[in-house]
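Student: dropping the sequence and predicted coords here.
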Amino acid sequence: MDPDTVFERATVSRRPGDLLPRGSDETKWIATDPETECRGVGDFEKAARTNLVYAVRAYHEDTESSVPFMSAGKDQTFEMHWLGTDDASLADRIHDLLSR
């Protein structure tokens, strides 16, 4: 995994809509990696892209998981099990991290 390649190939949006856990009304940037479906979230575009690199790195390091990762920072990287499920515990946890 080349961090510069991940950083550059990301698709980025400023208003992620329903991509973030419910209750997240703040405007955030979200970067998505088209190859792994991992996501990075930040208060500005460069932060989102940088956090995406952390998520993709975690995805490649965890050889037993096929679930994409989301990162809001180096020590705030989690598997995205909450996508498509009614279990909001991880979503709530990520929302809490993003609200700080």
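Tutor: Now that the structure is in, tell me what you want to look at.
Student: what pairs with the closest residue to residue 12 other than its chain neighbours across the strands?
Tutor: Nearest residue to residue 12, sequence neighbours excluded (C-beta to C-beta, 6 or more residues apart in numbering): residue 31, at 4.8 Å. The C-beta positions use only the backbone N, C-alpha and C, and glycine is treated the same way. Note on residue 31: beta-bridge partners by DSSP bridges are residue 12, residue 40.
Student: ok, now residue 77?
Tutor: Counting by DSSP bridges, the residues bridging with residue 77 are residue 71.
Student: need the contact list for it.
Tutor: 54, 55, 58, 69, 70, 71 (C-beta atoms under 8 Å, 6 or more residues apart in numbering).
Student: what's around the third one, how many residues?
Tutor: Pointing back at residue 58 there. When neighbours are counted by other C-beta atoms under 10 Å, residue 58 registers 19.
Student: quick check: it is in a strand.
Tutor: No. Secondary structure of residue 58 (DSSP: H, G, I helix; E, B strand; the rest coil): helix, not part of a strand.
Student: hang on, it packs against residue 69?
Tutor: Yes. Counting by C-beta atoms under 8 Å, residue 58 touches residue 69, with 4.6 Å between them.
Student: quickly list what's touching both of those two.
Tutor: Contacts common to residue 58 and residue 69, judged by C-beta under 8 Å, 6+ apart, are 38, 77.
Student: wait, residue 39 sits on residue 78?
Tutor: No. Between residue 39 and residue 78 there is no contact, the gap being 10.5 Å when judged by C-beta under 8 Å.
Student: what about the residue nearest to residue 12, distance to residue 14?
Tutor: To residue 14, residue 31 is 11 Å away according to C-beta to C-beta, to the nearest Å.
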